[in-house]
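Chemist: Give the three-dimensional model of this entry:
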Amino acid sequence: MRRWSVRRTVTTRAGFVVLLACAAIAGCSTVGTSTKTESIEGSQPAKVADTDIDCPSMVVRTGASTWQIPPGTPSTGLRYQASLGQMARECAVLGESMTIKVGVEGRVLVGPKGAAGSMTVPVRMALVQEGPQPRSIWTKFYSVPVVIPQGQTGAAFTQVEDDLTFALPANKNTANYVIYVGFDPQGAANAAKGKRAAPTSRPVAATAKPKPKQQTATPPPAAGGFAPPASGGFAPPAQQ
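Modeler: Below is the predicted model:
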């Protein structure tokens, strides 16, 4: 059977928030699972209860701990700024696979140019196997809704992923697996592009055949150019 907590405190979004608060204050313990709640500095691997398998560490990706609107704006021109706070993960082993429940708390503050209202915050979670050639095991983007009430200067948000499931390596060694969390503005841009409707093609009236154009050689790419990042994710941090 799956090695889950007897009290199953993280089956709902509200329950996971309770787990975060409880663990931050008193270090809650559960039976049959490995549960950790950490600040944004991150965590170290911890053994899943009754196994010799590591529950992957969890850290905020370098450079992705804050998010601003508009990006790169001086503090006096900001509309909103978001930051990450507490994090928690709970690992369970079932046969040859592991499932991790991951929770992240954060807060959005209203800047001098901002106002109360509804918005979404771009958050990404990714499981990476670190090493000489880091390998992405699992990744997912979230548009987290946030509502800032009238008269308030900010609001908290929580994102929970309760089914981060992946196949264990043959040697069951997950010590170099890391759960990265961070804001992903590029993911938000890709999501917005995907929602745009494709243009509808219209029939073109028959016209005289145009004269063939003289073919010219395609100019080479400018020196120093680079390909855009892969759609919908961010790469693992560069090795030190």
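Chemist: for this structure, which spans come out with low pLDDT?
Modeler: For the chain, the stretches with pLDDT under 70 are 1-45, 195-240.
Chemist: and if we set it to 50?
Modeler: Residues of the chain that meet the criterion pLDDT under 50 lie in 1-34, 37-41, 201, 203-204, 215-240.
Chemist: can you pull out the helices in it?
Modeler: 13-26, 185-195 (DSSP state H).
Chemist: got the buried residues for the shortest one?
Modeler: When neighbours are counted by 16 or more other Cβ atoms under 10 Å, the buried residues of helix 185-195 are found to be Gln186, Gly187, Ala188, Asn190, Ala191. The C-beta positions use only the backbone N, C-alpha and C, and glycine is treated the same way.
Chemist: what packs against that helix?
Modeler: Under the contact definition 3 or more Cβ pairs under 8 Å, 6 or more residues apart in numbering; DSSP states H and E, helix 185-195 sits against strand 117-129, strand 135-148.
Chemist: run the last query once more with 6 Å
Modeler: Here helix 185-195 touches strand 117-129, going by 3 or more Cβ pairs under 6 Å, 6 or more residues apart in numbering; DSSP states H and E.
Chemist: so what strands line up beside the strand it packs on?
Modeler: Here strand 117-129 has these sheet partners by DSSP bridges: strand 135-148 (antiparallel), strand 177-183 (antiparallel).
Chemist: list the buried ones in the longest one?
Modeler: Taking 16+ other Cβ under 10 Å as the neighbour-count basis, strand 135-148 is seen to contain the buried residues Ile137, Thr139, Lys140, Phe141, Tyr142, Val144, Val146, Ile148.
Chemist: Also stretch 71-80?
Modeler: Leu78, Tyr80.
Chemist: One more: stretch 87-100?
Modeler: For stretch 87-100, a neighbour-count test (16+ other Cβ under 10 Å) marks Met87, Ala88, Arg89, Glu90, Cys91, Ala92, Val93, Met98, Thr99, Ile100 as buried.
Chemist: Stretch 109-123 too?
Modeler: With burial defined by 16+ other Cβ under 10 Å, the residues of stretch 109-123 counted as buried are Val110, Gly111, Gly114, Met119, Val121, Pro122, Val123.
Chemist: and the residue nearest to the first one when sequence neighbours are not counted, how many residues sit next to it?
Modeler: Excluding its sequence neighbours, the residue lying closest to Val110 (Cβ to Cβ, 6 or more residues apart in numbering) is Thr153, at 5.3 Å. Residue neighbour count, defined by other Cβ atoms under 10 Å, stands at 11 for Thr153.
Chemist: What residues does Gly77 make contact with?
Modeler: Taking Cβ atoms under 6 Å, 6 or more residues apart in numbering, we find Gly77 in contact with Lys113.
Chemist: mind checking how far it is from Leu127?
Modeler: To Leu127, Gly77 is 36 Å away according to Cβ to Cβ, to the nearest Å.
Chemist: and if you look at Gly63?
Modeler: On the measure of Cβ to Cβ, Gly63 and Leu127 end up 19 Å apart.
Chemist: Look at those two and report which has more neighbours.
Modeler: In terms of neighbours (other Cβ under 10 Å), Leu127 is the more surrounded of Gly63 and Leu127; the figures are 23 against 10.
Chemist: who does that one bridge with?
Modeler: What pairs with Leu127, by the bridge criterion (DSSP bridges), is Trp138, Ile179.
Chemist: Use 511 as the first number for this chain going forward.
Modeler: Renumbered: residue one is now 511, and that last one reads Leu637.
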